[in-house]
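Engineer: What shape does this take:
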Amino acid sequence: MEFINPLANQYIETYSNATPSYLKAMYEATNIEHPHAHLQSNWHQGGLLCFISKLVRPAHILEIGTFTGFSTLCLVEGLQENGMIHTIELREADANKAASYFEASPHAAKIKIHQGDAKEIIPTLHFEWDLIFIDADKTGYQTYYDLVLPALHKNGLIIVDNVLFHGEVLEENVAGKSAKAIQAFNEYVLNDERTEQTILTIRDGLTLIRKK
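Structural biologist: Reported below is the predicted structural model:
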């Protein structure tokens, strides 16, 4: 997953402190216990999500892909006093685990988890989003983007994870279903006149997309 120089990643984590320290136990538990722990945002990436959320000060956040809830609890840190984050998770077991972490957190009242298919759930959420985080099945990225963009506030921000897809998009001939989907998504966003974007080489690549 982390194809960027491991020493650089270690150095960055040493000199970054934006990730809420109380999340360390749940973060480590997922890394140790979950068979697909690589799907969790890493510690530094969680800090970046927290940092951005605090800068944006959103009233409404949408997250597509909860996993066990680490990224959710980072994003919730920047919510306005009466704000809410809606997070969607396809897998029931992961949704249940995340819900238990949310209930034990100091932000339980600000988090609403939806279990099921995001393509079906998103149209039922009638909010104007200030901040959106997409980290779900890669073949669905373009669909999710098109579903949420109309409801994104002007100057609102979308953060998209895994846009370098383990470095596979850097290959001359991109192979694999997910890598091809990510490459197609990156090209689609680049050519979308409704938005502007920049890619950060953090972990597996993050795209920041601003609605014009």
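
Engineer: which strand residues sit across from the most centrally placed residue in the chain in the sheet?
Structural biologist: Centroid check for the chain by CA atoms, centre = their mean gives Phe133 as the closest residue, at 3.8 Å. On the basis of DSSP bridges, Phe133 is bridged to Glu63, Ile159.

Engineer: Is it correct that it is in contact with Leu75?
Structural biologist: Yes - Phe133 lies in contact with Leu75 (CB atoms under 8 Å); the separation is 6.2 Å. In short, each C-beta sits where N, CA and C put it, glycine included.

Engineer: what sits in contact with each of the two?
Structural biologist: In terms of CB atoms under 8 Å, 6 or more residues apart in numbering, Phe133 and Leu75 are both contacted by the residues Leu49, Ile61, Glu63.

Engineer: So for Tyr145, what pLDDT did the model give?
Structural biologist: On the pLDDT scale, Tyr145 is placed at 98.

Engineer: ok, now the one 3 residues further on?
Structural biologist: Note for Val148: predicted pLDDT of 98.

Engineer: Leaving out chain neighbours, which residue sits closest to it?
Structural biologist: In this structure, Val148 finds its nearest non-sequential neighbour in Ile132, 5.4 Å apart by CB to CB, 6 or more residues apart in numbering.

Engineer: mind showing which ranges of this structure have poor pLDDT?
Structural biologist: The model of the chain has pLDDT under 70 over residues 1-3.

Engineer: got the CA positions of stretch 83-99 in CSV?
Structural biologist: Below are the C-alpha coordinates for stretch 83-99, written out as CSV (Å, rounded to 0.1, in the frame of the first residue of the first chain):
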residue,chain,number,x,y,z
GLY,A,83,-22.9,20.0,12.4
MET,A,84,-23.4,16.4,11.3
ILE,A,85,-21.4,13.8,9.4
HIS,A,86,-23.2,11.1,7.4
THR,A,87,-21.0,8.1,6.7
ILE,A,88,-21.9,5.1,4.5
GLU,A,89,-20.5,1.6,4.8
LEU,A,90,-21.5,-1.4,2.6
ARG,A,91,-20.3,-4.2,4.9
GLU,A,92,-22.6,-4.8,7.9
ALA,A,93,-19.8,-6.1,10.2
ASP,A,94,-17.6,-3.0,9.6
ALA,A,95,-20.6,-0.7,10.0
ASN,A,96,-21.4,-2.4,13.3
LYS,A,97,-17.8,-2.1,14.5
ALA,A,98,-17.7,1.6,13.5
ALA,A,99,-20.9,2.3,15.3
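
Engineer: Right, I'll leave it there.
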